[in-house]
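K.L.:
Give me the fold of what follows.
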Amino acid sequence: MKSSMLVLFLTMAVAMNAQQKGIQTLAQMKESPAGSKIIEYIKMVNGEEAPADQWLKKLFTPKLVESMGVKKLQGLISETREMEGQLHLYTARRTGMFKYKLLLKGVKSGEWLAMVFTFEEDEPYRILGITLDSTEAEPDRAKPLYPQLNQ
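P.N.:
Got it, this is the predicted structure:
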């Protein structure tokens, strides 16, 4: 009995994971602990103020904050804001349990950007790493997923 319950539980967990991979809706992003942190990150880049120390410590892993330092993380966010302007998220693809690949466009630069977020494997699923590269990719959507314009 215990082994069949374990098999059922594992099957359900694998099925739930499989359903969550792939292109994410804004609602899925907001409901996910990791996806909601991506939205918070974009909000901060799109804002006008430098991120507060406590915000960075809530969003990023202690190891990343310690290795890079709060000032450098603040500088990277400010630099992204300065170079790209507001970021518009067009697609978010969950590529694994703890990884998302995004397609964004910088409003000021007009450049398409590929961004990959990796998260820690335990709660509270803070950001472990971010990569940002220019890309030639075309969006799958005519309008951004986030922020939603004209609503």
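K.L.:
mind listing the helices for the protein?
P.N.:
2-20, 26-31, 33-46, 53-59, 62-68, 70-84 (DSSP state H).
K.L.:
Contacts made by the fifth one with the rest, please.
P.N.:
Meaning helix 62-68. With contacts defined as Cβ atoms under 8 Å, 6 or more residues apart in numbering, helix 62-68 is touched by 56-57, 73, 126-129. Where you see a C-beta, it was placed from the backbone N, CA and C, and this is true even at glycine.
K.L.:
show me the contacts for the nearest residue to Met83 once chain neighbours are set aside.
P.N.:
Closest residue in space to Met83, ignoring its immediate chain neighbours: Ser109 at 6.2 Å, by Cβ to Cβ, 6 or more residues apart in numbering. Applying Cβ under 8 Å, 6+ apart, one finds that Ser109 lies in contact with 83-85.
K.L.:
before we move on, the earlier item: export the helices of the chain to a markdown table and append columns for distance to Thr95 and mean neighbour count.
P.N.:
Below are these laid out as a markdown table (distance: least, Cβ to Cβ, whole Å; neighbours: other Cβ atoms under 10 Å):
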| stretch | distance to Thr95 | mean neighbour count |
| --- | --- | --- |
| helix 2-20 | 11 | 10 |
| helix 26-31 | 14 | 14 |
| helix 33-46 | 12 | 18 |
| helix 53-59 | 20 | 15 |
| helix 62-68 | 20 | 13 |
| helix 70-84 | 22 | 15 |
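K.L.:
mind putting the contacts of helix 62-68 in JSON lines, distance to Tyr146 and pLDDT included?
P.N.:
Shown next, in JSON lines, are these (distance: Cβ to Cβ, whole Å; pLDDT from 0 to 100):
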{"residue": "Leu56", "distance to Tyr146": "21", "pLDDT": "94"}
{"residue": "Lys57", "distance to Tyr146": "24", "pLDDT": "93"}
{"residue": "Leu73", "distance to Tyr146": "22", "pLDDT": "94"}
{"residue": "Arg126", "distance to Tyr146": "20", "pLDDT": "97"}
{"residue": "Ile127", "distance to Tyr146": "17", "pLDDT": "97"}
{"residue": "Leu128", "distance to Tyr146": "22", "pLDDT": "96"}
{"residue": "Gly129", "distance to Tyr146": "21", "pLDDT": "95"}
